[in-house]
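Student: what's the 3D shape of this:
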Amino acid sequence: MSEGLKAVFIAGGAGTRLWPLSREARPKQFHALAGESSLMRQTVERVLPVIPARDVWVVTGARHVGQTRAELPEVPAEQIIGEPFPLGTNLAVGLGALHVARQEPEAVIFVGWADSYFRDGEEFRRVLLESARAARETAGVIVGVRPTHPTTGLGYIRAGEALKGFEGAYRIDGFEEKPNAERARAFLDAGSYYWNPGMSAWVASRLLELIRVHKPAHHAALMKLEPHLGTPREQEAMEEAFAGLDREPIDTAVFEKAEGLATVVTDPGWSDVGTWATVYELGAGGEGANATRGEVVTLDTRGCLVHAAAGRPVFTLGVRDLVIIDAGDCLLVASRDQAERLKELHTLARESGHEELL
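Tutor: Numbering: from 1, shown residues only. From the prediction side, this is the model:
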């Protein structure tokens, strides 16, 4: 275990690109989409060898606090924080940092998402510890993931000179938001651009100071809330302090403005588990193989993701490259190469009067 090291996991969002399994009432972090346990359960178990459960905080929606406590019984109940409404990642991360700083201002916090997947837990823990070490010597650290292919769906970190005394660490020269296909290929060829998965490490008090400098309205709201932490008025005080504030992400509020940041580079087999196509890639044994969950029987079926609801077997015959998701009360059948368009279908479901399924 590493002394003075805490973890803050953000568990917001509805995961609409993984509908109809992921819904507002039970979003994707509560589902077993890659492995046998939920993404949230895997997230916390991944850090427990180096950060004990007593040093873990989770920021989630107020309606999901009960589910989160049930999923993570070892995490102290008071460290599962319910947002009164979606705050955006800058305020959500700031809220986690505020809680940690109240106990230990000079603690290093590792910030991550509760709905990501990492194939290599040991490499993940290595980069977590190296990032925490580097965070004490810099303004903060953003983890960089080595790109495996050119993608237009992620932001990139532009790495500069090596950071002496640290493994795979570099000064950050800048950030590039989701590039077009040509620029994404150039980034891959350059070898000095890394995917930005949004994981980071900070001394808690320094992160709050960066928010004060670069997003003073957010910092003022956090300071207004601080006296009420741990009191019966905490939830009400959150609603009052954060009412009317914008939901700016931490990337543009702090990352892109702060000076002296570093990146620690890794390749832990990371995935944001963002679409059904991604879930297929994580579960299939190669192109053309099927990825199934539940009671599924296939015949002459290739390249399909098939998810059966409990007690409802699914049989397939002579189909290729489909996503078939039985959520129990509705069924999704889609071409795998159209998975990125699921938000459109989600909107259509709402417009056609099926709000109860969302």
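
Student: can you pull out the strands in the stretch 51-200 of the chain?
Tutor: Listed from the start of the chain, the stretch 51-200 of the chain has strands (DSSP state E, counting those that start in this stretch) covering 56-61, 80-83, 108-113, 117-118, 140-145, 156-162, 169-176, 193-195, 200-203.

Student: same for the shortest one, what does it pack against?
Tutor: By that I understand strand 117-118. Other elements packing on strand 117-118 under the criterion 3 or more Cβ pairs under 8 Å, 6 or more residues apart in numbering; DSSP states H and E are helix 39-47, strand 270-271. No exception for glycine: its C-beta is placed from N, CA and C like everyone else's.

Student: Out of the strands of the stretch 51-200 of the chain, which gets nearest to residue 353?
Tutor: Evaluated over the strands of the stretch 51-200 of the chain, closeness to residue 353 peaks at strand 56-61, with 24.6 Å, by Cβ to Cβ.

Student: which neighbours does the closest one have in its sheet, and in what orientation?
Tutor: Applying DSSP bridges, strand 56-61 is found paired with strand 5-11 (parallel), strand 80-83 (parallel).

Student: care to break the protein down by domain?
Tutor: According to the domain assignment given by automatic domain parsing, the chain is divided into the following structural domains: 5-271, 286-357.

Student: Buried deepest among those domains, which one?
Tutor: Mean neighbour count, computed with mean count of other Cβ atoms under 10 Å, is highest for domain 5-271 among the domains of the chain, reaching a mean of 19.

Student: What's the end-to-end length of that domain?
Tutor: Distance across domain 5-271, first residue to last, is 24 Å (Cα to Cα, to the nearest Å).

Student: how about the helices in this structure?
Tutor: With DSSP state H applied, the chain shows helices at 39-47, 65-71, 89-103, 121-135, 181-190, 204-214, 216-225, 234-242, 250, 276-283, 342-351, listed in chain order.

Student: chain center to the fifth one: distance?
Tutor: Put plainly, it is helix 181-190. Taking Cα atoms, centre = their mean, to the nearest Å, the mean C-alpha location of helix 181-190 is offset from the chain mean by 24 Å.

Student: before we move on, what about the first one?
Tutor: Centre-to-centre, helix 39-47 and its host chain are 11 Å apart (Cα atoms, centre = their mean).

Student: returning to that earlier point: can I get the strands of the stretch 51-200 of the chain in a markdown table with mean pLDDT and distance to residue 277?
Tutor: As requested, the strands of the stretch 51-200 of the chain are arranged in a markdown table below (pLDDT from 0 to 100; distance: least, Cβ to Cβ, whole Å):
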| stretch | mean pLDDT | distance to residue 277 |
| --- | --- | --- |
| strand 56-61 | 97 | 26 |
| strand 80-83 | 96 | 29 |
| strand 108-113 | 97 | 19 |
| strand 117-118 | 92 | 14 |
| strand 140-145 | 97 | 18 |
| strand 156-162 | 96 | 21 |
| strand 169-176 | 95 | 24 |
| strand 193-195 | 95 | 17 |
| strand 200-203 | 97 | 27 |
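
Student: Any chance of JSON lines for those, columns distance to residue 311?
Tutor: Rendered in JSON lines, the data for these read as follows (distance: least, Cβ to Cβ, whole Å):
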{"stretch": "strand 56-61", "distance to residue 311": "29"}
{"stretch": "strand 80-83", "distance to residue 311": "31"}
{"stretch": "strand 108-113", "distance to residue 311": "32"}
{"stretch": "strand 117-118", "distance to residue 311": "27"}
{"stretch": "strand 140-145", "distance to residue 311": "39"}
{"stretch": "strand 156-162", "distance to residue 311": "45"}
{"stretch": "strand 169-176", "distance to residue 311": "47"}
{"stretch": "strand 193-195", "distance to residue 311": "40"}
{"stretch": "strand 200-203", "distance to residue 311": "42"}
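
Student: Tell me which of these approaches residue 357 most closely.
Tutor: strand 56-61 (19.0 Å).

Student: What angle do strand 108-113 and that closest one make with each other?
Tutor: What separates the directions of strand 56-61 and strand 108-113 is an angle of 40 degrees, with axes from the mean of the first three to the mean of the last three Cα atoms, to 10 degrees.
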